[in-house]
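Enquirer: no sequence on this one, just coordinates:
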């Protein structure tokens, strides 16, 4: 079957792309200088990598129930990954884990300096 | 489909997992470790998916779904803990 | 969790119900109830589909039990209904999703190649972006969409003034910072065109006309 072999080739390509993005995320995890840069390197290429592997599964199975489950899987991952990334970035910024010298501009610090009373209540409520 | 594709994918996922493990062990701060463990978990989900394609079954799908929807809880808890401790 | 945490500007905390909201939920007119059911319907349908998918089949019994479980879940784990405008432009939704997929693909590979490239790591910045929308829902969607596009992460949210603070990767020049800011606003405009309220839409057109 021509169609089957085309789908098989596409499956292989998607799997390889997913693996490549995973490796790139791992290399970024090792090379990047601070926690937030590592966050950039890992979470997002990984989601695309996962999407490629899910596409490969969809191409092999081609059943409505499986594909619906895969769509739910991707949606869950896409909703939850930004939440954890935001929480880690927020904790990292407040804890001073981002090296301030590595930033070109820091408009959040300017905003905090401009509104000291807001900053104080914000910190006190934590 | 030839086996070398799966071999390459497996090796790449293995390298990604080992790099994440290295960052978990070395990571200077607890946040680095959480980022790396998140990545390790996503790599595991990818590996489960690749294995399903290789063996042509769909039995791991519920496990993947549960992992994808609960993976973020760990890093949220740790992030809250870290920001509470650094502020007080 | 202290009670003041409700005022915290985090995305996660913005869905926490306040005591006054749940108290006023008891006495509402019938039309309001109908409106709320209408707004909850997408969530209920989504839960029923998820239930059916988890069982692996869509029999009548499954759909019935799915509805019962969905109603029970939304009653027990009550969340204030998201402030959805009720407008949905299908064409602009498709435009948004297509642009989103293209952005994620291009940007993921860009970051992947930056990680593999032996040159030094580019400088980052933290930028503030003033959004034009007044809707929490559009703001959240914009934050999620920008978080999934590699190169930007939401560090802090000012919900009152609708300002998002992003940590952006690879912004070595002031021009790159401005380009990233413009990008956030373009994504916001796309979301508002797809699902935003009429007020938000008017505000978007206003700022685009003056530009």
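Expert: That came in fine, so what should we check first? For clarity, every value in this text was computed on a predicted model and none was experimentally measured. Residues are numbered from 1 along each chain as shown, chains lettered A, B, ... in the order given.

Enquirer: Tell me the buried residues in the helix or strand hosting residue A:70?
Expert: Assigned by DSSP states H and E, residue A:70 belongs to helix A:64-94. Counting neighbours by 16 or more other C-beta atoms under 10 Å in any protein chain shown, one finds that the buried residues in helix A:64-94 are A:65-70, A:72-74, A:76-78, A:80-94. In this view, the C-beta of every residue, glycine as well, is placed from N, C-alpha and C.

Enquirer: in chain A, which ranges drop under the pLDDT threshold?
Expert: A:96-126 (pLDDT under 70).

Enquirer: Do you have the strands of it handy? List them.
Expert: Using DSSP state E, the strands of chain A run over residues A:103-106.

Enquirer: how close does the residue of it most remote from its centre get to residue B:55?
Expert: Note on chain A: the largest C-alpha distance from the chain mean falls to residue A:1, namely 37.8 Å (C-alpha atoms, centre = their mean). As judged by C-beta to C-beta, to the nearest Å, residue A:1 and residue B:55 stand 21 Å apart.

Enquirer: on that earlier part again, please go through the buried residues of helix A:64-94 and note which also touch chain C.
Expert: Subset of those in contact with chain C: A:65, A:68-69, A:72, A:78, A:81-83, A:85-87, A:89-90, A:93, counting by C-beta under 8 Å from any C-beta of the partner chain.

Enquirer: nearest to chain C, of these?
Expert: residue A:82 (3.6 Å; C-beta to the nearest C-beta).

Enquirer: list the contacts for residue A:26?
Expert: A:42, B:15, B:16, B:17, B:18, B:19, B:20, B:39, B:43 (C-beta atoms under 8 Å, 6 or more residues apart in numbering or on different chains).

Enquirer: let's see 10 Å
Expert: A:41-42, A:45-46, B:12-13, B:15-23, B:36, B:39-40, B:43, C:115 (C-beta atoms under 10 Å, 6 or more residues apart in numbering or on different chains).

Enquirer: Any figure for the gap between residue C:71 and chain B?
Expert: Distance, residue C:71 to chain B, by C-beta to the nearest C-beta, to the nearest Å: 21 Å.

Enquirer: same deal with residue C:145?
Expert: Residue C:145 is 17 Å from chain B, by C-beta to the nearest C-beta.

Enquirer: Return the helix or strand in chain C with minimum mean pLDDT.
Expert: The helix or strand of chain C with the poorest confidence is helix C:19-24; it has a mean of 46 (mean pLDDT, DSSP states H and E).

Enquirer: and which of the ones next to chain C among the buried residues of helix A:64-94 is nearest to chain B?
Expert: So of those, ranked by how close each gets to chain B (C-beta to the nearest C-beta), first place is residue A:87, at 3.7 Å.

Enquirer: Correct me if wrong: the closest one contacts residue B:35.
Expert: No - counting by C-beta atoms under 10 Å, residue A:87 sits too far from residue B:35 to count as a contact (11.3 Å).

Enquirer: Identify the contacts common to those two.
Expert: With C-beta under 10 Å, 6+ apart as the test, residue A:87 and residue B:35 both reach residue B:75.

Enquirer: three-state assignment of residue C:165?
Expert: Following DSSP: H, G, I helix; E, B strand; the rest coil, the label given to residue C:165 is strand.

Enquirer: Does residue C:153 belong to a helix, a strand or coil?
Expert: With three-state DSSP as the criterion, residue C:153 reads strand.
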